[in-house]
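Asker: fold the following and give me the result.
(one chain, ligands or ions: 1)
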Amino acid sequence: MKSHIEIQRIEKSKIDSVDFNNLPFGSVFSDHMLECDFKNGAWQTPVIKPYSPITLDPSAKIFHYGQSIFEGMKAYKDAAGKTMLFRPLDNCIRLNKSAERLVIPQIPEAIFMDGLKALLEVDNDWIPTNEGSSLYIRPFMFATGNGFHASPADAYKFVICTAPSGAYFAGKVKVLIEEKYARAANGGVGFAKAGGNYAGQFYPTQLAIEKGYNQVVWTDDNSHQFIEEAGAMNIFVRINDTLITSPTSDRILDGITRKSILQIAEDAGIKTEVRKISVGEVVEAAKNGDLKEMFGAGTAAVISPIAGFGYQEKDYDLPELENPFAAQLKKKITDIQTNKVEDPYGWRVFL
Ligand SMILES: *Cc1c(COP(=O)(O)O)cnc(C)c1O
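Answerer: Numbers count the residues shown, from 1 in each chain. All right, here's what the predicted structure looks like:
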């Protein structure tokens, strides 16, 4: 059974004011948004309405105690104009894992999926068709319930906003392997897409930028001897012809791009390993020429190649390869996402 969704259409679309040939990433918003409130112990009827500000009580707990989680996903249109999502149920499941950890109520799968599909139908013209472009989708949930006592709120809001976006291209990034700060700790909330995780990353990242780097490679909070993620992306390291990524844990986000890339790489005959990667191993491989590639993986950029890294006041450059794994894998995954090739995995979901 489909959820009942109330639809309030915008009077006049803003779409004519948008240049779809020059889209930034995530800063132009579609006409509509979906809102669904949780109050009196129950989710209310979801509403699709014009994109507009949200008014909250100053004592709403989101402002004080940070009960706030989100997801990031994309919708694509193929050459025939069909709309697709990529593994959307995984985002719903992960949002609920984050919700559990932050004591936010579970969002029913029907509200998430039917709400998302209805929103994409209403704003279908906002899904870009240009090569590399997509509709970036941001589902999020936060505490609207009020009061200054530090305890979970009694009311929440689930929202989905969308942003037609051009390719997220950071260029080849230079990263700094972190030796002091940590993104996440054992027993903490690193595995959740909780807003506060990102707030905590900004300061160390700012310090790295001041030193001339673009991004931080996070190491484990205890020894800082093992690399874990690159900025807000999962990290892959290629040593000779083996592609390695760290196992997910309390501290590492279980990325959908990461697990899709692992699958695609294995099926393409690339040797993969999921294991801890020590900083010493990476530095050693960089010195003796075995380190061929490093890249970040996440929904926004898909794959973001790393040009070099800094560690203990020394810089190490990665080689320029003819046909790097990063480019091969990015093409394979985006071809599946945009319906250019067969999808043997059943990852695409048509609207
Ligand atoms: C969202 C995110 C990722 C990537 O997850 P995807 O599902 O691939 O988008 C990786 N690391 C962190 C910290 C993230 O927030």
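
Asker: and stretch 62-73, what's buried?
Answerer: Under the neighbour-count criterion of 16 or more other Cβ atoms under 10 Å, stretch 62-73 has 62, 64-73 buried. Bear in mind the C-beta positions are built from the backbone N, C-alpha and C, glycine included.

Asker: do the same with stretch 326-338
Answerer: 326, 329-330, 332-334, 336-338.

Asker: ok, back up a step: make TSV out of the buried residues of stretch 62-73 and add secondary structure, pLDDT and distance to Pro53.
Answerer: Formatted as TSV, those follow (DSSP: H, G, I helix; E, B strand; the rest coil; pLDDT from 0 to 100; distance: Cβ to Cβ, whole Å):
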residue	secondary structure	pLDDT	distance to Pro53
Ile62	helix	98	14
His64	helix	98	20
Tyr65	helix	98	22
Gly66	coil	97	20
Gln67	coil	98	20
Ser68	strand	98	17
Ile69	strand	98	20
Phe70	strand	98	18
Glu71	coil	98	21
Gly72	coil	98	21
Met73	strand	98	23
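
Asker: who are the packing partners of the longest helix belonging to the chain?
Answerer: If you go by DSSP state H, the chain has its longest helix at helix 195-210. If you count contacts as 3 or more Cβ pairs under 8 Å, 6 or more residues apart in numbering; DSSP states H and E, helix 195-210 packs onto strand 68-70, strand 215-219.

Asker: what parts of the stretch 201-350 of the chain come near the ligand?
Answerer: With Cβ under 6 Å from any ligand atom as the criterion, the stretch 201-350 of the chain meets the ligand at residues 229, 232-234, 253, 255-258, 298-299.

Asker: got the CA positions of the longest helix of the chain in PDB?
Answerer: Provided in PDB are the C-alpha atoms of helix 195-210 (Å, rounded to 0.1, in the frame of the first residue of the first chain):
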ATOM      1  CA  GLY A 195      25.500  16.400  11.700                       C
ATOM      2  CA  GLY A 196      27.900  16.800  14.600                       C
ATOM      3  CA  ASN A 197      30.500  14.500  13.000                       C
ATOM      4  CA  TYR A 198      31.000  17.000  10.200                       C
ATOM      5  CA  ALA A 199      31.100  20.000  12.600                       C
ATOM      6  CA  GLY A 200      33.900  18.200  14.400                       C
ATOM      7  CA  GLN A 201      35.800  17.800  11.100                       C
ATOM      8  CA  PHE A 202      35.900  21.400  10.100                       C
ATOM      9  CA  TYR A 203      38.600  22.700  12.500                       C
ATOM     10  CA  PRO A 204      41.300  20.000  11.700                       C
ATOM     11  CA  THR A 205      40.400  20.400   8.000                       C
ATOM     12  CA  GLN A 206      40.800  24.200   8.300                       C
ATOM     13  CA  LEU A 207      44.300  23.700   9.800                       C
ATOM     14  CA  ALA A 208      45.200  21.300   6.900                       C
ATOM     15  CA  ILE A 209      44.000  23.900   4.400                       C
ATOM     16  CA  GLU A 210      46.100  26.600   6.100                       C
END
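
Asker: what's in contact with stretch 153-161?
Answerer: Stretch 153-161 is contacted by residues 29-30, 33-39, 43, 46, 51, 54, 60-62, 67, 104-105, 107, 111-112, 115-116, 119, 137-147 when judged by Cβ atoms under 8 Å, 6 or more residues apart in numbering.

Asker: so what pLDDT did Met233 get?
Answerer: We have a pLDDT of 97 for Met233.

Asker: can you give me the angle the strand or helix carrying Lys97 makes with helix 195-210?
Answerer: If you go by DSSP states H and E, Lys97 is part of helix 88-101. On the basis of axes from the mean of the first three to the mean of the last three Cα atoms, to 10 degrees, helix 88-101 is oriented at 100 degrees to helix 195-210.

Asker: whichever helix or strand comes after helix 88-101: which residues count as buried?
Answerer: Later in the chain than helix 88-101, the nearest helix or strand by DSSP H and E is helix 109-122. By 16+ other Cβ under 10 Å, the buried positions in helix 109-122 come out as 111-120, 122.

Asker: reformat the residues you listed as JSON lines; add distance to the ligand.
Answerer: Putting those into JSON lines (distance: Cβ to the nearest ligand atom, whole Å) gives the following:
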{"residue": "Ile111", "distance to the ligand": "20"}
{"residue": "Phe112", "distance to the ligand": "15"}
{"residue": "Met113", "distance to the ligand": "17"}
{"residue": "Asp114", "distance to the ligand": "21"}
{"residue": "Gly115", "distance to the ligand": "19"}
{"residue": "Leu116", "distance to the ligand": "15"}
{"residue": "Lys117", "distance to the ligand": "19"}
{"residue": "Ala118", "distance to the ligand": "23"}
{"residue": "Leu119", "distance to the ligand": "19"}
{"residue": "Leu120", "distance to the ligand": "18"}
{"residue": "Val122", "distance to the ligand": "24"}
